[in-house]
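K.L.:
Below are the sequence and a predicted model; questions follow.
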Amino acid sequence: MVARQVSKVDIHLLRVFCVVVDSEGFSNAQVVLNVSTSTISRQISELETRLGMRLCDRGRTGFRVTEKGDTVYQAAQKLFVALGEFQETVDGSRGRLFGHLALGVIENWASNNSAPIVRSLSKFTAMAPDVRIELHSLAPNDIEFAVLDGKVPIGIGPFHSPKPGLVYNDICKETVCLYCGSGHPLFAIDCPEEQEKQLRKSLFAKRAYLNEETVAPKTRNLPSNAIGHQMEAIALLILTDRYVGYLPSYFAKDWVAGGRMKNIANGGFDRPVTVQTAVRRGAKLNRVGRTFLEILSEEANTKI
């Protein structure tokens, strides 16, 4: 039996199926695809008919990918990579960049005026106007998992617990500081001994994405009943005047300037942080990804 060739319609339907799988169901996929769930259902049914197999179960019990559906999903991912490489080769021969650049970037990094990300993206988009950009703003551990899962090829953030499946490269340095709010007892204390006493009685806002005892040993064993999953969450807890917590200095500067936060102990708890890129070990980045990393490295080494 001669295998049927993959058509343009097949490729479109496979892309729809992959979005549905990534979105974990039709309802979430309709936002990404900008079509109704009934349209998505019809397209998935058409793909199942064309392939002659059941790809997913959907109904009152929820959405579930079948074993054959998972096989098709994995094969489709390889197909899209191959198509991307073909397009890259063809367009590269014309001397232009074309394709897709997906990045997982530390959340709220745009507020760091000295960070190289904005300059790098500006330079890259000017050089490669035909490349489609996809940015995910995530906490550090979520970035690492996104790279490991293949959702993004490049992650950028402060990674404190290196994972064996990733390769890391340093980009720049930042500083995180321990802050309290203006209504916290520590705000008005300048004596180091009194600060130490009050600090030991203060509630600590822990960062869910870090092992605090490893990265911030000076605040080890502080009492805590709150965890923040993003920097914004830690800032909110500090601003209640009930908690102390770590924030990047660039992120807290406006609250400090406005008298709403204070760096405890005049920087005595400051800690250096290295921002790195992370790519999956053994992964071969396409020309688009390699070009962006080259630009990011250049901009990181440029003093402003």
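P.N.:
In hand now; what should we look at?

K.L.:
CA atoms for contacts and neighbours, from now on please.
P.N.:
Noted.

K.L.:
dump the residue contacts of residue 125.
P.N.:
residue 131 (Cα atoms under 8 Å, 6 or more residues apart in numbering).

K.L.:
ok, 6 Å please
P.N.:
If you count contacts by Cα atoms under 6 Å, 6 or more residues apart in numbering, residue 125 has none.

K.L.:
May I have the predicted confidence score for it?
P.N.:
According to the prediction, residue 125 has pLDDT 93.

K.L.:
Same question for the one 10 residues further on.
P.N.:
Predicted confidence (pLDDT) for residue 135: 93.

K.L.:
just residue 269 next, same as before
P.N.:
pLDDT, residue 269: 87.

K.L.:
so is residue 132 in a helix, a strand, or just coil?
P.N.:
Of the three states, residue 132 takes strand under DSSP: H, G, I helix; E, B strand; the rest coil.

K.L.:
What of residue 32?
P.N.:
Residue 32 is classified as helix under three-state DSSP.

K.L.:
what's near enough to touch it?
P.N.:
Counting by Cα under 6 Å, 6+ apart, residue 32 makes contact with nothing.

K.L.:
Check the gap between it and residue 78 for me.
P.N.:
From residue 32 across to residue 78, the span is 21 Å (Cα to Cα, to the nearest Å).

K.L.:
before we move on, what about residue 146?
P.N.:
17 Å.

K.L.:
which of the two has more neighbours?
P.N.:
residue 146 (20 against 12; other Cα atoms under 10 Å).

K.L.:
okay, that one: pLDDT?
P.N.:
Listed pLDDT for residue 146 reads 89.

K.L.:
ditto for residue 297
P.N.:
What the model reports as pLDDT for residue 297 is 93.

K.L.:
Please identify the helix or strand for the closest residue to it other than its chain neighbours.
P.N.:
Take residue 297 and drop its neighbours on the chain: the residue closest to it by Cα to Cα, 6 or more residues apart in numbering is residue 171, 6.6 Å away. Using DSSP states H and E, residue 171 sits in strand 166-181.

K.L.:
Neighbouring strands of that strand in the sheet, and parallel or not?
P.N.:
Strand pairing for strand 166-181, using DSSP bridges, gives strand 243-248 (antiparallel), strand 261-263 (antiparallel), strand 271-280 (antiparallel).
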